[in-house]
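Enquirer: Attaching a predicted model along with its sequence, questions to come.
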Amino acid sequence: MKNYKTISVADSKTLIKESKPMILDCRAMKDYKAGHLDDALHVHDGLKEALIKRGDKQRSLLIYCYHGHASEHLAEFFSDFGFKDVYSMEGGYAVWTGQHQDI
């Protein structure tokens with residue numbers, strides 16, 4: 001049983017507005033630099049380690065990637081380390097930006 005939730009782009013926008021989650025972008029740095037969600041942090045090993053050691057595990061995490069697959073793995077990773085409300089954005093940045101049909 002997975003301990004994270006997969007949510008649509010529309011639900012992600014509601015989550016951001018209402019819950020102010022920490023937003024994590026797990027795409028390549030060049031793509032993050034080319035454009036990302038407002039307030040999103042680029043995920044790298046140092047950030048993952050810092051969040052596991054000192055992160056607020058009660059704060060919601062919204063994780064996205066290119067199309068919503070890699071973010072599921074990272075969402076599972078964080079939920080396995082005790083983060084309570086972890087979300088993977090279905091369709092990823094491609095759907096968020098309208099580069100792909102919403103699924």
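Expert: Great, that's in hand.
Enquirer: Which helix or which strand is home to residue 87?
Expert: In this structure, residue 87 sits in strand 86-89 according to DSSP states H and E.
Enquirer: Can you tell me how far residue 56 is from residue 22?
Expert: From residue 56 across to residue 22, the span is 8 Å (C-beta to C-beta, to the nearest Å). (Each C-beta comes from the backbone N, C-alpha and C, glycine too.)
Enquirer: Neighbour count: the two, which is higher?
Expert: Just comparing residue 56 and residue 22: by other C-beta atoms under 10 Å the higher neighbour count belongs to residue 22, 17 against 11.
Enquirer: Would you confirm that that one contacts residue 60?
Expert: Yes - using C-beta atoms under 8 Å, residue 22 is in contact with residue 60, at 7.1 Å.
Enquirer: so what sits against both of the two?
Expert: Common contacts of residue 22 and residue 60 (C-beta atoms under 8 Å, 6 or more residues apart in numbering): none found.
Enquirer: does the spatially most central residue of the chain belong to a helix or a strand, and which?
Expert: Nearest residue to the geometric centre of the chain (C-alpha atoms, centre = their mean): residue 63, 0.6 Å. Counting by DSSP H and E, the element that carries residue 63 is strand 61-64.
Enquirer: ditto for residue 17
Expert: Following DSSP H and E, one finds residue 17 within helix 9-19.
Enquirer: Going by contacts, tell me the helices and strands next to that helix.
Expert: Helix 9-19 sits against strand 61-64, strand 86-89, helix 92-96, with contacts defined as 3 or more C-beta pairs under 8 Å, 6 or more residues apart in numbering; DSSP states H and E.
Enquirer: gap between the helix or strand harbouring residue 50 and the chain center?
Expert: Residue 50 belongs to helix 45-54 when assigned by DSSP H and E. Centre-to-centre, helix 45-54 and its host chain are 15 Å apart (C-alpha atoms, centre = their mean, to the nearest Å).
Enquirer: before we move on, what about stretch 7-25?
Expert: Once both centres are worked out by C-alpha atoms, centre = their mean, stretch 7-25 turns out to sit 8 Å from its chain's centre.
Enquirer: Perfect, I'm done here.
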